[in-house]
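> Everything below, folded, please.
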Amino acid sequence: MNHLVITGGSGGLGRALTGAFSDACWKVTAPGHAELDVSSPASIRRGLPPSPVDLLVCTAGITRDAPLGRLEEEEWDEVLAVNYQGAADCAAAVLPGMMGRGCGHVVFISSHSALHPPVGQVAYAAAKAALLGLTRSLAVEYGRHGIRVNAVLPGFLETPMTAGLSARRKAEVLAAHSLGGFNTPPSVAKFIRHLHEELPHTSGQVFQLDSRVS
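Numbers count the residues shown, from 1 in each chain. Prediction:
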């Protein structure tokens with residue numbers, strides 16, 4: 001049986017991933033923030049399972065949106081700690097086990113904001129952009145051990161994380177999609193399963209899943 005670990009497992013994408021991998025082939029461990037605070041190395045040591053991990057998907061994320069001049073230092077640190085450093089630390093925790101087995105796959109959930117950052121989202125955009133560099137670096141470093149590392153940009157998802165946005169802002173984002181629609185968490189989860197199971201020789205890649213071109 002394969003083992004999937006999802007950080008941010010109680011979020012919209014985390015729950016969709018649990019559903020997409022819920023069959024006899026997979027054991028799914030999907031801790032929420034209460035069980036696994038990715039900004040805490042001690043929590044990572046306690047919260048990540050000791051058993052071998054075949055696939056790690058790092059979905060945990062937060063936003064603290066404000067222009068740089070009005071962003072408190074603590075808010076900047078919090079966003080980087082969760083969205084970037086937490087993902088890197090979780091990967092570092094599972095990579096030794098993957099190396100010992102000669103296989104494994106890490107998927108980082110980045111964002112369209114990493115490539116085209118909107119005004120007022122500087123910390124989130126910086127953290128998600130850093131994940132793209134991490135993806136490519138780890139893919140090169142660990143490829144010789146049979147380990148894949150990829151990044152997925154799901155596009156705008158209607159989840160609890162985006163529920164607080166105004167209808168006007170959602171309409172602006174939707175207008176930038178050439179196909180006139182948003183992705184859904186289940187569709188993104190299905191893509192990640194396809195990437196893992198059907199594309200065994202794909203690593204170091206960034207997959208943007210929505211229809212925005214700028």
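
> and the helix or strand bottoming out on mean pLDDT in the chain, which residues are buried?
Across the helices and strands of the chain, mean pLDDT, DSSP states H and E gives its lowest value to helix 167-175, namely a mean of 81. Buried residues in helix 167-175, defined by neighbour count with 16 or more other C-beta atoms under 10 Å: V173. The C-beta positions use only the backbone N, C-alpha and C, and glycine is treated the same way.

> can you check stretch 178-188 too?
For stretch 178-188, by 16+ other C-beta under 10 Å, it's F182, N183, T184, P185, V188.

> One more: stretch 104-121?
Neighbour-count burial for stretch 104-121, counted by 16+ other C-beta under 10 Å, picks out 104-115, 117, 121.

> can I get the CA coordinates of the top helix by length along the chain in CSV?
Longest helix of the chain, by residue count under DSSP state H: helix 122-142. Only the C-alpha atoms of helix 122-142 are listed here, as CSV (Å, rounded to 0.1, in the frame of the first residue of the first chain):
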residue,chain,number,x,y,z
VAL,A,122,4.0,40.6,-1.7
ALA,A,123,4.7,38.1,1.1
TYR,A,124,2.6,35.4,-0.3
ALA,A,125,3.9,35.9,-3.8
ALA,A,126,7.5,35.8,-2.6
ALA,A,127,7.0,32.6,-0.6
LYS,A,128,5.2,30.8,-3.4
ALA,A,129,7.9,32.0,-5.9
ALA,A,130,10.6,30.6,-3.6
LEU,A,131,8.8,27.2,-3.8
LEU,A,132,9.5,27.1,-7.5
GLY,A,133,13.2,27.5,-7.0
LEU,A,134,13.1,24.8,-4.3
THR,A,135,11.2,22.5,-6.6
ARG,A,136,13.9,22.7,-9.3
SER,A,137,16.8,22.5,-6.9
LEU,A,138,15.5,19.4,-5.1
ALA,A,139,14.6,17.7,-8.4
VAL,A,140,18.2,18.0,-9.5
GLU,A,141,19.6,17.1,-6.2
TYR,A,142,17.5,14.1,-5.5
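
> No further questions, thank you.
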